[in-house]
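**Q** quick one, structure for this:
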Amino acid sequence: MTARVRVREIARQSAGLSGRGLDGQTFMGIGLVIIVTVTFMDSERQDNAWREVLQAAQTLENECPGAVLIGGLAVYLHTQNHSLAAVPVSRARLAEFSHDVDACLSLQDLGALRDLFEVTANARLNKHQITLGRIEADLYVEHNNKLRVPYDELLAHAVTYGSMRVAAIGHLLVLKLDAEAGRAGSSKGDKDTRDLVKLTVLASDEDRNLLVPYLDSRGLARLKEVGATPSAFTLIARGNAQEAKQLRTIFNSFVDRLQERGPGSDEKPGTRRARRQKSQTPR
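**A** Model (predicted):
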């Protein structure tokens, strides 16, 4: 099915920008004008693709009660279910298609999956992979991955939307910072940057508390860089300069509060939880 393509001027920004935007957009700086070429999926095709991704995630959740969704699908579920009371853009503008499923799960859940599906270990990337229908799923198993947030913390603070268990926004920000650093300069890296913006403008004080123990000086510096660059905000706002400015204000306000707290902490969340549990044990 042939995609429809149109070109339009969306914003005046500084020259030299280029990259990939929402819904297949590509953009390049020409003089002081960003020109965006948007490739649109046929609506029926996109609906079918989303159904397949969501069905794959549902299958995973059904077979793995402890699975926690991370990655692009998790970001999408937050943008489509979280309150937007303080966010100046619509859910449609925050929505962005994800082609696969990423999840963190327990060793027990991995064993259950192996009884039903062919699970492949990818030792180089410290993950397992599975195909659900036509959708690829990347599985990060507890104690067998390099995610900065451990599985038990992801599970303890996960948010549930319907039957989908999704990593908390604060934890997703940690994972997205790492993902973006590993894919800088690519279309996936550009999407990671937009995901950082979306998550940050949705984040609460509780999310900030979840993020801070894992936030190092490099991550804080990267968030400040994102806040100083208008392109991601302009793309999310579809060229609406006022909305883009409001998004940047919310984003930078959150980053300023992070800076006040300072990166890192003296005690990791798992240690604090273990201490609380020990203190609550009857003597």
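**Q** just give me the neighbour total for the closest residue to Val159 other than its chain neighbours.
**A** Spatial nearest neighbour of Val159, chain neighbours left out: Val166 (5.1 Å); criterion: C-beta to C-beta, 6 or more residues apart in numbering. No exception for glycine: its C-beta is placed from N, CA and C like everyone else's. The local packing of Val166 (other C-beta atoms under 10 Å) involves 25 other residues.
**Q** just checking, Val166 touches Thr79?
**A** No - Val166 sits out of contact with Thr79 when judged by C-beta atoms under 8 Å, with a separation of 11.0 Å.
**Q** doesn't Ala103 make contact with Ile135?
**A** No - Ile135 is beyond contact range of Ala103, at 11.8 Å (criterion: C-beta under 8 Å).
**Q** looking at the two, which one has more neighbours?
**A** Ala103 (27 against 21).
**Q** can you give me the helices for the stretch 151-283 of the chain?
**A** Counting by DSSP state H, counting those that start in this stretch, the stretch 151-283 of the chain has helices at residues 151-156, 169-182, 187-202, 205-211, 217-228, 231-236, 241-261, 269-280.
**Q** ignore what I typed, I meant the stretch 1-150 of the chain.
**A** Counting by DSSP H, counting those that start in this stretch, the helices of the stretch 1-150 of the chain are 43-63, 71-81, 91-94, 107-114.
**Q** compare the mean pLDDT across these and name the weakest.
**A** Lowest mean pLDDT within these: helix 43-63, at a mean of 86.
**Q** what about it, distance to the chain center?
**A** Its chain's C-alpha centre lies 18 Å from the corresponding centre of helix 43-63 when counted by C-alpha atoms, centre = their mean, to the nearest Å.
**Q** count the neighbours of the closest residue to Leu94 other than its chain neighbours for me.
**A** Excluding its sequence neighbours, the residue lying closest to Leu94 (C-beta to C-beta, 6+ apart) is Thr79, at 3.8 Å. By other C-beta under 10 Å, 23 other residues sit near Thr79.
**Q** picking up where we left off before, which residues does the residue nearest to Val159 bridge with?
**A** Counting by DSSP bridges, Val166 forms beta bridges with Leu69, Val159.
**Q** so how far is Ala67 from it?
**A** Going from Val166 to Ala67 by C-beta to C-beta, to the nearest Å gives 10 Å.
**Q** nearest the geometric middle of the protein, what residue?
**A** With distances taken as C-alpha atoms, centre = their mean, Val75 lies nearest the centre of the chain, 4.2 Å away.
**Q** tell me the contacts of it?
**A** 96, 98, 172, 176, 195, 198-199 (C-beta atoms under 8 Å, 6 or more residues apart in numbering).
**Q** go through the residues you listed and name the one nearest Arg257.
**A** Relative to Arg257, the closest of the contacts of Val75 is Leu199; by C-beta to C-beta it sits at 14.8 Å.
**Q** now the closest one: how far from Gln246?
**A** Counting by C-beta to C-beta, the gap from Leu199 to Gln246 is 16 Å.
**Q** these two: which has the busier surroundings?
**A** Leu199 (27 against 18).
**Q** pull the contacting residues for that one.
**A** Leu199 neighbours (C-beta under 8 Å, 6+ apart): 75, 78, 169, 172-173, 176.
**Q** same list, the residues you listed, but as a markdown table with distance to Asp152 please.
**A** Output for those, formatted as a markdown table (distance: C-beta to C-beta, whole Å):
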| residue | distance to Asp152 |
| --- | --- |
| Val75 | 22 |
| His78 | 21 |
| Ile169 | 18 |
| Leu172 | 16 |
| Leu173 | 18 |
| Lys176 | 20 |
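**Q** could you pick out the buried ones from those residues?
**A** Buried subset of those (neighbour count, 16 or more other C-beta atoms under 10 Å): 75, 78, 169, 172-173, 176.
**Q** closest one of those residues to Val141?
**A** Closest to Val141, out of all of the buried ones among the contacts of Leu199 and judged by C-beta to C-beta, is Leu172, at 18.4 Å.
**Q** contacting residues around that closest one?
**A** 70, 74-75, 78, 199.
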